[in-house]
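Chemist: Sequence and predicted model, in that order:
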Amino acid sequence: MMLKTAIEEFLKALGAAQYSPHTLSSYASVLRGLREHVAVSLGREPEADEIDRDAMLNHGRERMKTLGRRAMDHRLYTLRSFFKWLEAAHGIANPMRGMAMPRAVPSRSPRTISPEQVASIVAVEVSPGARSRHELRDRALVEVLYGSGIRISEAISLNWEDLGGGKPGDIRITAGKGGDDRIVVIGEPALDALAAWHRIAPAADLGAPVFQNRRGERLTVRAAELMIRDRAARAGIPDHVSPHTLRHSFATSLLERGAGIADIGALLGHHRLSTTTLYTHANAEYLRRQIAFHPRADVPGQKDIRGFCELYGLSEATGRRLLEMPLRNWMIEENGQRRIDLARFNARFAMSPSHARRHQV
């Protein structure tokens with residue numbers, strides 16, 4: 001059997017098992033990459049039983065050069081599933097049985113943006129002075145993505161009927177990733193944006209998609225990605241912003257304001273707690289700051305004045321003076337973030353101009 005034929009049969013089997021179109025496309029891409037890599041090595045289309053351990057190891061090393069750890073993990077999972085099916089369905093030896101594939105280095109922490117940056121993306125006017133149909137739709141989409149943390153594929157799959165039937169603010173996610181249904185909640189800003197868009201949407205009946213193009217058809221993932229990237233650029237945000245950036249930012253904002261990891265995972269639709277804990281690594285600096293509020297905690301940086309000053313953006317002189325007293329006495333919360341109240345500190349201890357100069361940031 002040709003490898004190409006085996007791949008086609010495998011994808012048909014997944015389709016019969018009601019795997020989502022997104023999953024099928026993802027699996028097809030991974031398996032097509034394997035077939036093309038082996039075909040180049042052999043100089044012809046490969047047979048399914050020609051894929052041995054060496055071929056798999058070479059393929060893994062090649063892909064490891066350009067893929068992050070999560071992408072590699074997904075690729076390995078897909079390949080293992082395919083060869084396990086091939087062995088069961090056609091009796092072809094599984095080349096990955098008991099084999100440890102090369103692992104990519106861990107990818108960097110999820111990229112996030114601040115609530116203020118999200119607000120600027122919502123507020124930016126792509127068409128100055130105009131509140132066009134698309135402006136209201138796009139603002140509603142950004143509000144929903146950041147306000148609920150749902151995936152872009154889940155957002156564009158919403159119909160108007162999914163916003164009703166429960167308490168105000170409930171959104172019903174039907175057949176999300178993994179085929180699971182769940183309820184997520186959004187706040188007033190997202191509800192208001194949806195109501196404004198609903199009043200002028202091309203199709204507003206219950207069975208119509210929430211996010212539509214000019215023809216009243218469902219918005220595509222690609223169109224949504226380009227729209228968010230464009231609005232972020234117009235808002236002056238230099239980093240690449242994607243729909244998944246808003247999802248990561250949603251989770252990060254909840255964590256920083258005291259939400260539990262298990263609760264965040266439930267809202268995100270995660271199946272494993274380990275998937276959600278990546279946000280604790282992304283917010284290590286924030287968590288280091290919070291330990292100062294523990295009544296018996298040693299202040300971060302007592303053993304390393306320079307590291308402490310870098311953490312809070314202080315001069316070394318100010319940092320040394322602060323560490324002579326309980327740090328929590330000088331912490332305040334502003335816009336949801338905790339920081340050192342340097343104005344009060346300087347007013348209390350700057351007894352002379354020279355003293356003030358020594359301890360200013």
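Modeler: It's in. Just so you know, these numbers come straight off a predicted model, no measurement behind them.
Chemist: could you measure Ile7 against Ala93, distance?
Modeler: For Ile7, the distance to Ala93 equals 17 Å [C-beta to C-beta, to the nearest Å]. Every residue, glycine included, has its C-beta placed from N, CA and C.
Chemist: which of these two has more neighbours?
Modeler: Neighbours per residue (other C-beta atoms under 10 Å) separate Ile7 from Ala93, with Ile7 holding more: 20 against 12.
Chemist: Please tell me I have it right and Ile51 contacts Asn94.
Modeler: No: taking contacts as C-beta atoms under 8 Å, Ile51 lies outside contact range of Asn94: 9.7 Å.
Chemist: Touching both of those two, which residues are there?
Modeler: Phe83 (C-beta atoms under 8 Å, 6 or more residues apart in numbering).
Chemist: Same drill for the two, tell me which one is more crowded.
Modeler: Per other C-beta under 10 Å, whichever of Ile51 and Asn94 has more neighbours is Ile51, with 25 against 16.
Chemist: For that one, which residues are in contact?
Modeler: Leu3, Leu34, Val38, Phe83, Pro95.
Chemist: run the last query once more with 10 Å
Modeler: Going by C-beta atoms under 10 Å, 6 or more residues apart in numbering, Ile51 touches 3, 6, 34-35, 38, 59, 79, 82-83, 86, 92-96.
Chemist: How about Ile228?
Modeler: Here Ile228 is in contact with Ile121, Asp138, Leu141, Val142, Leu145, Ile152, Val241, Ser242, Pro243, His244, Thr245, Leu246 (C-beta under 10 Å, 6+ apart).
Chemist: Return a selection command, for use in PyMOL, containing the buried ones of those residues.
Modeler: Buried members of the contacts of Ile228, identified by 16 or more other C-beta atoms under 10 Å, are gathered into one PyMOL selection as follows:
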select buried, resi 121+138+141+142+145+152+241+242+243+245+246
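Chemist: Distance to Ser253 and secondary structure added to the contacts of Ile228, as JSON lines?
Modeler: Output for these, formatted as JSON lines (distance: C-beta to C-beta, whole Å; DSSP: H, G, I helix; E, B strand; the rest coil):
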{"residue": "Ile121", "distance to Ser253": "14", "secondary structure": "helix"}
{"residue": "Asp138", "distance to Ser253": "21", "secondary structure": "helix"}
{"residue": "Leu141", "distance to Ser253": "18", "secondary structure": "helix"}
{"residue": "Val142", "distance to Ser253": "14", "secondary structure": "helix"}
{"residue": "Leu145", "distance to Ser253": "13", "secondary structure": "helix"}
{"residue": "Ile152", "distance to Ser253": "18", "secondary structure": "helix"}
{"residue": "Val241", "distance to Ser253": "15", "secondary structure": "coil"}
{"residue": "Ser242", "distance to Ser253": "17", "secondary structure": "coil"}
{"residue": "Pro243", "distance to Ser253": "16", "secondary structure": "helix"}
{"residue": "His244", "distance to Ser253": "15", "secondary structure": "helix"}
{"residue": "Thr245", "distance to Ser253": "12", "secondary structure": "helix"}
{"residue": "Leu246", "distance to Ser253": "10", "secondary structure": "helix"}
